[in-house]
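K.L.:
I need the structure of the sequence given here:
(one chain, ligands or ions: 1)
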Amino acid sequence: MNLKLNVVPFVSVDNMMKLVLTIGVERFLLELAECIEADFRRWESFDKTPRVASHSREGVIELMPTSDGEVYGFKYVNGHPKNTREGRQTVTAFGVLADVATGYPVLLTEMTILTALRTAATSAVAAKHLAPKGARAMAIIGNGAQAEFQALAFKALLGIDTLRLYDIDRSASAKCVRNLAGLGFSITVCNSIEGAMEGVQIVTTVTADKQNATILTDNMVGSGLHINAVGGDCPGKTELHADILKRSDIFVEYPPQTRIEGEIQQLPPDYPVNELWRVIAGHEPGRTGDRQITLFDSVGFAIEDFSALRYVKRQIEQTGLSDELDLLADPDEPRDLFGMLLRAAATPNAA
Ligand SMILES: NC(=O)c1ccc[n+]([C@@H]2O[C@H](COP(=O)([O-])OP(=O)(O)OC[C@H]3O[C@@H](n4cnc5c(N)ncnc54)[C@H](O)[C@@H]3O)[C@@H](O)[C@H]2O)c1
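P.N.:
Prediction:
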């Protein structure tokens, strides 16, 4: 039993970086992918709801809750594509795990780095089931904060070793090349999206723009391709031309959320889609043919964050890479909350 009932383990950005580097980025991605797959296999045991989004002209702030009946988790996350122009991240996040039996939080952690890792791990899990067998080459369109994580997850889970990069801002691609140097990739920076798509079996679109963008048009997508569409994740914020969707077999996380936020917001609300968890659980096939175009319409779902929080909690218990946060009021007599306040006034320097 935890004798310090007021204390909640807190993982700062600094400790998250230490944790990821101690474990190793690729091993972290592999182990996280295993947790995500395990939770997707028990999909039906979770509470599920589309995330709660608060939209503004410049971006969105979202809350993403779920519970498996024993543990509750949520993530706070934003999406503000204009932020990078002011030196801020497009996406930042933090998250909480709590004990359902008591309602007490058991973990508070940064999730900006963790979101990049879990998004990449989920993409690679989907691609394991959907991408053509033996795929080695991937195009990455949009070379911002998420890009290297995507590259490394696809290397760790699928053996992708050839990258073709494109970004409207060439300095973003140059940053990726620098960061991925020596990590086992052959990398080409391309002058156009068409150029980036040459000879690849997988394309990841991970751009940030608060509009219905057309990153991929129908003529760019040849048969047999797997599309990992990550950047379209809000109403009015998509990356693919609708004609591509009609030629693809579409796989999604949680349909009620993806129909609001994903590429499929461009399609009628009853358009048939496949649920990724059913593929992972073995209820339905993933890729079934060489010429099939598969699309993972990723928006990011609460269960992936729950898996990531669970994984981090286990890791900090082993490594001690967390701080003690004095988060919960803990009077000696539980009903004497006011008395605790009075005693603190009487002894202002008491801890
Ligand atoms: N699906 C998910 O689970 C998930 C999770 C995290 C982030 N996202 C989304 O992924 C996207 C990328 O996030 P990030 O943190 O890397 O953002 P970022 O701002 O760091 O990077 C985005 C990059 O896209 C580039 N870009 C914008 N428009 C482009 C275009 N037309 N063609 C090519 N490149 C273009 C920008 O120059 C920038 O380098 C965002 O839209 C974010 O909301 C989705």
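K.L.:
Report all helices and strands that the helix or strand encompassing Val77 contacts.
P.N.:
Counting by DSSP states H and E, the element that carries Val77 is strand 71-79. Packing partners of strand 71-79 (3 or more CB pairs under 8 Å, 6 or more residues apart in numbering; DSSP states H and E): strand 60-67, strand 93-99, helix 302-319. Backbone N, C-alpha and C define where each C-beta goes, glycine included.
K.L.:
Mind checking if the first one is in reach of the ligand?
P.N.:
No - between strand 60-67 and the ligand, judged by CB under 6 Å from any ligand atom, nothing touches; the nearest distance is 8.5 Å.
K.L.:
Parallel or antiparallel, which strands does the strand holding Val77 pair with?
P.N.:
Sheet pairing for strand 71-79, assigned by DSSP bridges, gives strand 60-67 (antiparallel), strand 93-99 (antiparallel).
K.L.:
Other residues contacting that strand?
P.N.:
59-67, 90-100, 106, 111, 115, 208, 233-234, 237, 300, 302, 305-306, 309-310 (CB atoms under 8 Å, 6 or more residues apart in numbering).
K.L.:
Return the residues of the stretch 51-200 of the chain in contact with the ligand.
P.N.:
79, 81, 84, 90-91, 115, 119, 141-146, 166-169, 172.
K.L.:
among the residues you listed, which are in strands?
P.N.:
Gly79, Ile141, Tyr166 (DSSP state E).
K.L.:
what's the neighbour count on the first one?
P.N.:
Going back to what we said before, that points to Gly79. Using other CB atoms under 10 Å, Gly79 has 24 neighbouring residues.
K.L.:
Pull the contacting residues for the spatially most central residue of the chain.
P.N.:
Nearest residue to the geometric centre of the chain (CA atoms, centre = their mean): Thr119, 2.5 Å. Residues near Thr119 by CB under 8 Å, 6+ apart: Gln146, Phe149, Gln150, Val230, Ser298, Gly300, Glu304.
K.L.:
now, which of those residues sits nearest the ligand?
P.N.:
Closest approach between the contacts of Thr119 and the ligand, by CB to the nearest ligand atom: Gly300, at 2.6 Å.
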